[in-house]
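Student: Generate coordinates for the sequence data below:
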Amino acid sequence: MINLSGQLIVTRPARSLDIRWHSLAETARLCWQEARPVVQVAFLLRFAVGAVCAAQPPQSPGRPVLGLASLWCAVVCAYLLNGVTDVQEDRVNGSWRPIARGDLPERTAARATVLLACAALLLGGLAGPGVVAWTAAFLGLGWAYSAEPVKAKCSSGRCALVVCGLGLTAYGAGVAASGGGWTATGALVAGVMSAWMALVGAVAKDLGDVSGDAAGGRRTVAVVRGPAAARALAVAGALAVGTAAPTLALLWAEPALAAAVPVALGAVWVVVRVLRGARREHAGRAERRGAYRAFMVTQYAANLAVLTVPFVLRATG
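Tutor: Predicted coordinates for the structure are as follows:
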């Protein structure tokens, strides 16, 4: 384009800008998808349960909203990092997540984790010192799960410890964002659900990923001792948590039965799915992951029950 004085003016076509924004939006969508939306929602539910069960309800929505956003950024960061470090295993296991299928470059995802970690800490700082401390702990555990030197995902024992910590930090961030302290109910729910993650979810997940875990050099129970040993461990964990949850609730904090009852029922479901998978020696990956799906549905049901049962009782009482 030439103006009236004869100077050449270079203008950027609007279409070029539109393409750039579309590319950025698509990258954000792929990062969100890689970070497992179902898991993201589960962690946000844990945060909400922590806030609801705190000794003092939130006085205003500002801190809880900032805290929730902070934890969400931390969760996406942790699971995006896991996707970056799990490419080989995911491809062997037949995963269709964006990095494994080649739609999201590993370098792009790695850069996104840095931005997400910074955003998580900034939002946590705005929400308060307690929230930023829990968020920082979550980020540290997320790094320890996937990356050197800990690389907890490679060992069933280390994995259980880190996964338990991830659960507790999510509940703790919710408590901190409320401005109150822990209650007996909140502590019991957080402990039971974190144990459910560590003793059941962390083991059940491995049942569907044995080939990829072995290819990636992991030393999980399913790889070292075989699927039968992992199934036995998953059954033992489910029965232990499923029995302890209602017992402790009755002895210590009856309102925690809102979570304990779904966990007890879910434990039976997990055992059934594990035994069903054991009978089908050549079952496909979807069948082998049946116990993990039962674990996931159970934790959704338990956390949602804690959030909804008090309101239902109040409305009908």
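Student: isn't residue 180 right up against residue 54?
Tutor: Yes: the criterion here is Cβ atoms under 8 Å, and residue 180 meets it with residue 54 at 3.8 Å. (Glycine included, C-beta is placed from N, CA and C.)
Student: out of those two, which sits in the more crowded spot?
Tutor: residue 54 (23 against 17; other Cβ atoms under 10 Å).
Student: And that one, how far from residue 67?
Tutor: 11 Å (Cβ to Cβ, to the nearest Å).
Student: In contact with residue 119: list those residues for me.
Tutor: By Cβ atoms under 8 Å, 6 or more residues apart in numbering, the contact set of residue 119 is 70, 73.
Student: Hmm, I typed the wrong one, I wanted residue 148.
Tutor: Not one residue lies near residue 148 by Cβ under 8 Å, 6+ apart.
Student: Please give the number of neighbouring residues around residue 170.
Tutor: By other Cβ under 10 Å, 28 other residues sit near residue 170.
Student: Now name the helix or strand holding it.
Tutor: helix 156-178 (DSSP states H and E).
Student: low-confidence ranges in the protein?
Tutor: Residue ranges of the chain with pLDDT under 70: 1-22, 280-288, 310-317.
Student: Spell out for me which residue occupies the centre of it.
Tutor: Using Cα atoms, centre = their mean, the residue of the chain that lies closest to the mean C-alpha position is residue 39, 4.1 Å off.
Student: What sits closest to residue 208 if chain neighbours are left out?
Tutor: Ranked by Cβ to Cβ, 6 or more residues apart in numbering and with sequence neighbours excluded, the top spatial neighbour of residue 208 is residue 289, at 3.7 Å.
Student: and the protein, what are its domains?
Tutor: Following automatic domain parsing, the chain resolves into domains at 30-180, 183-317.
Student: which stretch among the ones you listed comes nearest residue 23?
Tutor: Ranking these by distance to residue 23, with Cβ to Cβ as the measure, places domain 30-180 first at 10.4 Å.
Student: now for the closest one, what's the gap between its first and last residues?
Tutor: Using Cα to Cα, to the nearest Å, the end-to-end distance of domain 30-180 comes to 37 Å.
Student: what's the answer for stretch 78-95, then?
Tutor: Using Cα to Cα, one end of stretch 78-95 lies 18 Å from the other.
Student: One more: stretch 50-64?
Tutor: 10 Å.
Student: Run through who's touching that stretch.
Tutor: For stretch 50-64, the surrounding residues in contact (Cβ under 8 Å, 6+ apart) are 67, 127-128, 131, 170-175, 177-183, 185-186, 189-190, 306-307, 310.
Student: rerun at 7 Å
Tutor: For stretch 50-64, the external contacting residues (Cβ atoms under 7 Å, 6 or more residues apart in numbering) are 127-128, 171-175, 177-183, 185-186, 189-190, 306-307.
Student: Please state the offset of that stretch from the chain centre?
Tutor: Relative to its chain's centre, stretch 50-64 lies at 21 Å (Cα atoms, centre = their mean, to the nearest Å).
Student: Would you mark the buried spots in it?
Tutor: By 16 or more other Cβ atoms under 10 Å, the buried positions in stretch 50-64 come out as 50, 51, 52, 53, 54, 58, 63, 64.
Student: Look up phi and psi at the fifth one.
Tutor: In other words, residue 54. When read as degrees, to the nearest 10, the backbone of residue 54 gives phi -70, psi 160.
Student: What's the separation between it and residue 65?
Tutor: Using Cβ to Cβ, we find residue 54 at a distance of 15 Å from residue 65.
Student: just the second one next, same as before
Tutor: Note on residue 51: its distance to residue 65, by Cβ to Cβ, is 10 Å.
Student: Likewise for the third one?
Tutor: Per Cβ to Cβ, residue 52 is found 14 Å from residue 65.
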